[in-house]
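In: Provide a 3D model corresponding to the input given below.
(4 chains)
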2 protein chains.
Amino acid sequence: MSAAEREAQPPGAAPPGAAQCEAAPRPTLRTVAHLAGVHVSTASRVLNGTSDAGVRSAGQEKAARIRAIAAQLGYTPDPHGTGLRTQRSHLIGVLVPRLVDIVLATIYEGIEQASATAGFSTFVANTGDDPQVQRARTSMMLARRVDALIFGDAYADARFLDETDARGVPFVLVSRRAGDYPSVTCDDDLGGRLAAQHLLEQGHRDLAVLAGEPYASTGLDRTAGFLAACAESGVQVPECRVVFCHFDTAGGRTAMQQVLDVGAPPTAVFAVNDFAAIGAMGALRDAGLVPGRDVAVVGYNDVPLAAELPISLTTVRSPMHQMGVRAVELLVRRLAGEAVPPVLLEPLLVPRASTGCA
Amino acid sequence: MSAAEREAQPPGAAPPGAAQCEAAPRPTLRTVAHLAGVHVSTASRVLNGTSDAGVRSAGQEKAARIRAIAAQLGYTPDPHGTGLRTQRSHLIGVLVPRLVDIVLATIYEGIEQASATAGFSTFVANTGDDPQVQRARTSMMLARRVDALIFGDAYADARFLDETDARGVPFVLVSRRAGDYPSVTCDDDLGGRLAAQHLLEQGHRDLAVLAGEPYASTGLDRTAGFLAACAESGVQVPECRVVFCHFDTAGGRTAMQQVLDVGAPPTAVFAVNDFAAIGAMGALRDAGLVPGRDVAVVGYNDVPLAAELPISLTTVRSPMHQMGVRAVELLVRRLAGEAVPPVLLEPLLVPRASTGCA
DNA sequence: CTGAAAGCGCTTACAG
DNA sequence: CTGAAAGCGCTTACAG
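Out: Here you go, the predicted model:
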């Protein structure tokens, strides 16, 4: 640094990289009250009161002064203080199988957005569908004193939910349903039926299902709807052609491989998840079969890239973002003491090249 | 319900659906101390003291009794109380462009895991790379009294980071670098070079780059590395063949379309992001071009589905999960007052069918 | 080693 | 409408 440059440096400037100046301590309510010349309790009432006219919590000008000072100082109430006093955290815990699953990530975006609107912050944790981790993360959330939970990773067997309910923790389910607990899901049975109808209409009789995880209502319901629609049309799907799989590309690949291993390939496959469908396409490709020409493939969810694949994917669209939004709505009502009904959202079949509808 | 069934119902049982019994109030430190027959401060010292032998904070048996009772009651300290007293929340705020981007979701998994190990919980928020939202979410995090922040959405122009730094908020960057702030990134310049070398080795001279967002160091560095390696081999990429794009399939599709619109198609395309590469493949497909045969395509990151696409995608693998883990390590050291160096992790080229390496 | 006290920041009956 | 006080659950000097 030259002498001239040093000259230019304001005296007392911190070395580069260090915080510029000792950051001013965050203002507290006491600071605001003091500056406004009122008691801290008055400041609290003003700042918390509805700014609607209605009942005023302080004199006009006094209230205005308090609000102005708070705004100018950038005062935000310390949630530790508030939480300690009110025993509420305005925190919602969200458990999902995996956020790397774009389906859950999209649902979570809906949750995040709706929560912010409702005045809540959200905590999210991946559980990998592992019951041990589900327990551990739930305990962690509770230790953080969340006001409520949203489970995106419910097991169809609702044992853990029963326990959690018994502990008096309010929660709702999203994406998957279980027991009689409040939930927001896609009408997966219907979705499965739509997939079946589409394939049946195209003359397919030789079908396979990549059914997803045996503990997830999504996969179970989609598979059940699919098989029911087939049966109603007099088409039987052999048991060895209905195989459980993980909800990702690797899972779909393995399951498809398994189907191909047991005999002649089916003419059509329904994968209960888009990524499993993509994995299935990979397995078909490796077996020398062209998806959409040799074997029709239907996925589920209509994730954004489904339309962009080299062979675009026919799939059943589910309102992922909306599910998240509605789940928060449901939770807010439940927290208000309301009894809430399960919500079922509508699926929509989107035909594309993988079933010959280029 | 029959009379017999009603009989079977234990008296005072709650109606089904309601919480089974008034949940016992959470035990506090006072409860534990009372039950152990010690003062609350003693209980605090025992429960917080390192369980290592070293310095004992209480008599052997007394300490054991306190711990036993705490465990039996399932006592967990109320973070509001602790936070109020210690002025630390053990909370880390994480800002990402979008969690639906599997790259960021994977990085976040690393962050979540490493944070838990380090005794922190994490708060994530999507900012959509919108400066307004970045500000708002950062303020929200600070209002929640996070101890520190991790930015996964840094702008190369570090203005907002400068402001945040000036406020004395500790943070590190992940995925993208900016200014001289501590960061954990992939060596993106090198990654771009690897992509170029691969294409050049295959004899390609007619190249295009889908360069990502102009404000993200990832896209900028990958593009710079790619172009530098080309120039060193005497290959010039015309300006109209280097086009910015969003980091998703739609972005890649649009950008590819733009390249195709200006003249004869290039023989090879480097997309700085796998999803953009997939979108590019969609655009090529629609233009009657077969990726990997007519036009080589290279992506970046090696997301799991890259290998499973009907035409598997050649791509530069980046250590996404590891980036998250290392970012937390860096942050912890920074919180301990250490001066931390930027971390650069190694990329790896993975050749596949989209560049004719089936 | 242990207890008693103070206080972190906030809200909410309780008086006036 | 406003102030004074109590207390949410915790940790940490301070004595002893």
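In: all contacts plus neighbour counts: C-alpha atoms, from now on.
Out: Fine.
In: For chain A, which residues score under the pLDDT cut-off?
Out: Residues of chain A that meet the criterion pLDDT under 70 lie in A:1-23, A:50-58.
In: Quick one: end-to-end length of stretch A:72-88, please.
Out: One end of stretch A:72-88 sits 27 Å from the other (CA to CA, to the nearest Å).
In: what does it contact?
Out: For stretch A:72-88, the external contacting residues (CA atoms under 8 Å, 6 or more residues apart in numbering or on different chains) are A:26-29, A:32, A:89, A:145-147, B:79-81, B:83-84, B:143-145.
In: Any of these buried? List them.
Out: Neighbour counting by 16 or more other CA atoms under 10 Å in any protein chain shown classes A:28-29, A:32, A:89, A:145-147, B:79-80, B:83-84, B:143-145 among the contacts of stretch A:72-88 as buried.
In: Looking at chain A, what residue ends up closest to chain B?
Out: residue A:80 (4.3 Å; CA to the nearest CA).
In: which stretches of the stretch 251-358 of chain A form strands?
Out: A:268-271, A:296-301, A:314-317, A:343-345, A:348-350 (DSSP state E, counting those that start in this stretch).
In: quick one: the third one near chain B?
Out: When you say that, I think you mean strand A:314-317. No. For strand A:314-317 and chain B, the contact criterion (CA under 8 Å from any CA of the partner chain) is not met; the two come no nearer than 14.5 Å.
In: counting contacts, what elements does that strand pack onto?
Out: If contacts are counted by 3 or more CA pairs under 8 Å, 6 or more residues apart in numbering or on different chains; DSSP states H and E, strand A:314-317 sits against helix A:188-201, strand A:296-301, strand A:348-350.
In: Let me know whether residue A:177 touches residue A:153 as I believe.
Out: No. Here residue A:177 does not reach residue A:153: they are 9.3 Å apart, not a contact under CA atoms under 8 Å.
In: looking at the strands of the stretch 251-358 of chain A, which is buried most?
Out: Mean neighbour count (mean count of other CA atoms under 10 Å in any protein chain shown) peaks for strand A:268-271 among those, with a mean of 30.
In: what comes into contact with it?
Out: For strand A:268-271, contacts defined as CA under 8 Å, 6+ apart pick out A:195-196, A:199, A:204, A:206-212, A:252, A:277, A:280, A:295-300.
In: Mind checking which of the residues you listed are buried?
Out: By neighbour count, with 16+ other CA under 10 Å, the contacts of strand A:268-271 hold A:195-196, A:199, A:204, A:206-212, A:252, A:277, A:280, A:295-300 as buried.
In: hang on, the earlier thing: so which of the contacts of stretch A:72-88 are in helices?
Out: Taking DSSP state H, the ones among the contacts of stretch A:72-88 that sit in helices are A:29, A:32, B:79-81, B:83-84, B:143.
In: near DNA strand D, from those?
Out: With CA under 7 Å from any atom of the strand as the criterion, the ones in helices among the contacts of stretch A:72-88 include B:79-81, B:83-84 near DNA strand D.
In: Can you pick out the most distant pair from the residues you listed?
Out: Using CA to CA, those span at most 8.1 Å, a distance reached by B:79 and B:84.
In: Which positions in the stretch 51-200 of chain A make contact with chain B?
Out: For the stretch 51-200 of chain A, the residues in contact with chain B (CA under 8 Å from any CA) are A:76-81, A:83-84, A:99-102, A:105-106, A:109, A:112, A:122-126, A:143-145, A:165-168.
In: From the contact counts, what lies against the helix or strand encompassing residue A:45?
Out: Assigned by DSSP states H and E, residue A:45 belongs to helix A:40-48. Here helix A:40-48 touches helix A:29-36, helix A:60-73, going by 3+ CA pairs under 8 Å, 6+ apart.
In: Please work out which residue of the stretch 251-358 of chain A is closest to DNA strand C.
Out: Nearest residue of the stretch 251-358 of chain A to DNA strand C, counting by CA to the nearest atom of the strand: residue A:336, 15.2 Å away.
In: That'll do, ta.
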